[in-house]
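Peer 1: using only what follows, build the 3D model:
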Amino acid sequence: MTIHKLAIVTAMKQEAEALVPSPEKVSYNGKFTILTGKFENNIEFKCIISGLGVDRAAEAAAILCKDSPDLLLSIGVSGGIAPDLSAGTLVAATTIHSDIAEIKHWHESDNDTTARNALSLNCGQIQCGPLVTVKEAVLTPKEKQLLHDRTGALAVDMESIAVAQTAITENIPFTCIRAISDDSKRAIPIEAMKGVDENGKSQLKPILKAILKRPALIFELIPMGMDYSKALKSLGNIFK
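Peer 2: Numbers count the residues shown, from 1 in each chain. Below you'll find the predicted structure:
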């Protein structure tokens with residue numbers, strides 16, 4: 001199989017910018033930002049910034065599928081829930097467990113595997129295994145351990161299962177690649193969730209307000225930010 005056109009769904013602006021730092025075109029369709037261009041290997045791409053959650057991810061994926069891409073991808077950062085997965089580690093889903101009642105699980109088909117192998121990624125070894133999509137962020141080491149014990153997943157996100165199910169509906173091969181931004185032992189302060197709006201854009205003002213209210217928060221955010229930077233760097237190596 002030869003890949004000519006890629007459709008990529010990212011939840012956050014920083015993820016998209018890490019993947020495609022110099023797009024040829026940036027457009028806005030009234031709800032979603034879309035980056036368009038070609039990678040160095042001459043593969044065309046459209047990368048849409050969906051924002052957070054399965055509803056927005058499904059809507060964004062459906063927009064990209066109108067162009068009949070060779071492969072639909074869900075790419076971004078993800079929380080590590082399996083032990084010994086360090087920040088920056090790349091994982092690819094062979095199964096996505098849905099923790100959302102109305103959405104079915106996804107299992108990689110032969111066509112999905114063939115398309116993923118045809119990407120010829122230049123980012124080194126990727127660990128393959130199960131992932132899980134949830135509705136609410138998983139913030140504490142205890143929550144991460146319980147989720148891993150229940151599902152066997154390597155990592156957790158809030159969008160991929162919706163993109164996968166859209167790919168099935170549209171009969172387009174699907175792949176999910178995630179970079180670990182916080183390992184299973186890393187606690188995420190609840191205040192950090194205010195730093196991204198529903199459109200996937202970073203918001204500094206709510207974080208600064210939170211630090212003013214709780215100055216010790218900065219000592220939690222600094223190492224978390226360093227790990228997030230490692231994850232973005234890994235994303236940036238995927239298509240080089």
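Peer 1: buried stuff in the helix or strand bottoming out on mean pLDDT in the chain?
Peer 2: Lowest on mean pLDDT, DSSP states H and E among the helices and strands of the chain sits helix 204-213, with a mean of 86. For helix 204-213, the neighbour count (16 or more other Cβ atoms under 10 Å) marks 207, 210 as buried. Every C-beta, even on glycine, is put in place using the N, C-alpha and C of the backbone.
Peer 1: and whichever helix or strand comes after that helix, what's buried?
Peer 2: Per DSSP states H and E, the first helix or strand lying C-terminal to helix 204-213 is helix 218-236. Burial within helix 218-236, assessed by neighbour count using 16+ other Cβ under 10 Å, is assigned to 220-221, 224, 227-228, 230-232, 234-236.
Peer 1: what's the answer for stretch 80-99, then?
Peer 2: Under the neighbour-count criterion of 16+ other Cβ under 10 Å, stretch 80-99 has 80-82, 85, 87-99 buried.
Peer 1: and L72, what are its phi and psi?
Peer 2: The phi/psi pair for L72 (degrees, to the nearest 10) reads phi -110, psi 130.
Peer 1: where does the spatially most central residue of the chain land in three-state SS?
Peer 2: The chain has G76 as the residue nearest its centroid, 2.5 Å off, counting by Cα atoms, centre = their mean. At G76, secondary structure determined by DSSP: H, G, I helix; E, B strand; the rest coil is strand.
Peer 1: this protein: helices as residue ranges?
Peer 2: Assigned by DSSP state H, the helices in the chain fall at 13-19, 54-65, 110-117, 141-151, 160-170, 204-213, 218-236.
Peer 1: mind putting those into a markdown table with distance to I48?
Peer 2: Formatted as a markdown table, the helices of the chain follow (distance: least, Cβ to Cβ, whole Å):
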| stretch | distance to I48 |
| --- | --- |
| helix 13-19 | 8 |
| helix 54-65 | 5 |
| helix 110-117 | 19 |
| helix 141-151 | 27 |
| helix 160-170 | 10 |
| helix 204-213 | 24 |
| helix 218-236 | 15 |
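Peer 1: distance of the residue nearest to the centre of the chain from G53?
Peer 2: According to Cβ to Cβ, to the nearest Å, G76 stands 13 Å off from G53.
Peer 1: what do you get for S202?
Peer 2: For S202, the distance to G53 - Cβ to Cβ - is 17 Å.
Peer 1: ditto for Q14
Peer 2: When distance is defined by Cβ to Cβ, Q14 is 17 Å away from G53.
Peer 1: more crowded one of these two?
Peer 2: It is Q14, of Q14 and G53, that has more neighbours when counted by other Cβ atoms under 10 Å, with 21 against 17.
Peer 1: go through the buried residues of stretch 80-99 and flag which are in strands.
Peer 2: 80, 90-98 (DSSP state E).
Peer 1: my guess is the residue nearest to the centre of the chain contacts A179. True?
Peer 2: Yes: judged on Cβ atoms under 8 Å, G76 makes contact with A179 at a distance of 7.5 Å.
Peer 1: overlap in contacts of these two?
Peer 2: Listed contacts common to G76 and A179 are L235; contacts here mean Cβ atoms under 8 Å, 6 or more residues apart in numbering.
Peer 1: related to what we said a few turns ago, give the contact list for the residue nearest to the centre of the chain.
Peer 2: If you count contacts by Cβ under 8 Å, 6+ apart, G76 has them with 10-12, 15, 157, 159, 178-179, 235.
Peer 1: what distance do you get for it to D110?
Peer 2: Taken as Cβ to Cβ, the span from G76 to D110 is 25 Å.
Peer 1: ok, back up a step: pull up the overlap in contacts between G76 and G53.
Peer 2: Here G76 and G53 share the contacting residues E159, scored by Cβ under 8 Å, 6+ apart.
Peer 1: quick one: low-confidence parts of this structure?
Peer 2: 120-124 (pLDDT under 70).
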